[in-house]
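In: Give the three-dimensional model of this entry:
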Amino acid sequence: MRYLLSILILTFVFACNSNKNGEIVAQIDSLNTIFDEAIDGYNKVDSTTVSHIRKKVKSNCLMIKDQNDPIVTATFIPYSHIDKTMKQILKMDARIKKESRLAKSQLENLHFDAEEGLIDPKLLETYFAEEKEIVMTLIDRMDYNTQQIIVEFNRFDSLNPIIENYLADQN
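Out: Numbers count the residues shown, from 1 in each chain. Below is the predicted model of the structure:
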């Protein structure tokens, strides 16, 4: 009888906790969906193209013989900066992907703990706020990195033909 009473009390406590946590669980689900969509969109950006452009820029910069030519100088400096920016983009990309995997895991763990009523509701709200801030920061970084890629692709598309023509004429 005592055993049965203990089970009933535990069941009631867990049921109450899961009802209290229902709103947070829904918020975690919503944040998870937003994060998944952001990750899917970010993953559509091809980092191999970024690497390819970076290699092309480095190679072309090494082949330029007369960097004192005014036309070359006006084009060469912004062109050579593409390499540096692409390097930063690739570093940020690796960091974003690593931190996204960690944040995704944290959200899944928080969701499980909330559904099972394993965390005090007040602490759960605090943990959710922290995870939400991390996820939103990652989404902002994804947006920023994507915008930087677009800017550098456009810069490459406009400057590379000038450099390629110069290199063709140089030979």
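In: Run through the helices of this protein in chain order.
Out: Listed in chain order, the helices of the chain (DSSP state H) span residues 2-20, 22-43, 47-63, 70-116, 121-170.
In: Including mean neighbour count, could those helices go into JSON lines?
Out: Backbone N, C-alpha and C define where each C-beta goes, glycine included. Rendered in JSON lines, the data for the helices of the chain read as follows (neighbours: other Cβ atoms under 10 Å):
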{"stretch": "helix 2-20", "mean neighbour count": "11"}
{"stretch": "helix 22-43", "mean neighbour count": "15"}
{"stretch": "helix 47-63", "mean neighbour count": "15"}
{"stretch": "helix 70-116", "mean neighbour count": "16"}
{"stretch": "helix 121-170", "mean neighbour count": "15"}
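In: By mean pLDDT, show me the worst of those.
Out: Per-segment confidence across the helices of the chain bottoms out at helix 2-20, which has a mean of 46 in mean pLDDT.
In: can you count the residues close to Asp120?
Out: Using other Cβ atoms under 10 Å, the number of residues around Asp120 comes to 13.
In: Give me the phi and psi for it.
Out: Here is the backbone geometry of Asp120 (degrees, to the nearest 10): phi -60, psi 140.
In: From Ala129, how far off is it?
Out: With distances defined as Cβ to Cβ, to the nearest Å, the gap from Asp120 to Ala129 amounts to 14 Å.
In: what does Asp46 give?
Out: Relative to Ala129, and taking Cβ to Cβ, Asp46 is found at 34 Å.
In: repeat for Tyr144
Out: In this structure, Tyr144 and Ala129 are separated by 23 Å, where distance is defined by Cβ to Cβ.
In: before we move on, what about Ser30?
Out: According to Cβ to Cβ, Ser30 and Ala129 sit 14 Å apart.
In: Next: Ala103.
Out: Taking Cβ to Cβ, one finds Ala103 at 14 Å from Ala129.
In: Met142 now?
Out: According to Cβ to Cβ, Met142 and Ala129 sit 21 Å apart.
In: Next: Ile89.
Out: Distance of Ile89 to Ala129, given as Cβ to Cβ: 30 Å.
In: OK, contacts around the residue nearest to Arg141 when sequence neighbours are not counted?
Out: Using Cβ to Cβ, 6 or more residues apart in numbering and skipping the chain neighbours, the partner closest in space to Arg141 is Ile96 (5.4 Å). Ile96 sits next to 42, 138, 141-142, 145 when contact means Cβ atoms under 8 Å, 6 or more residues apart in numbering.
In: I am finished for the moment; much appreciated.
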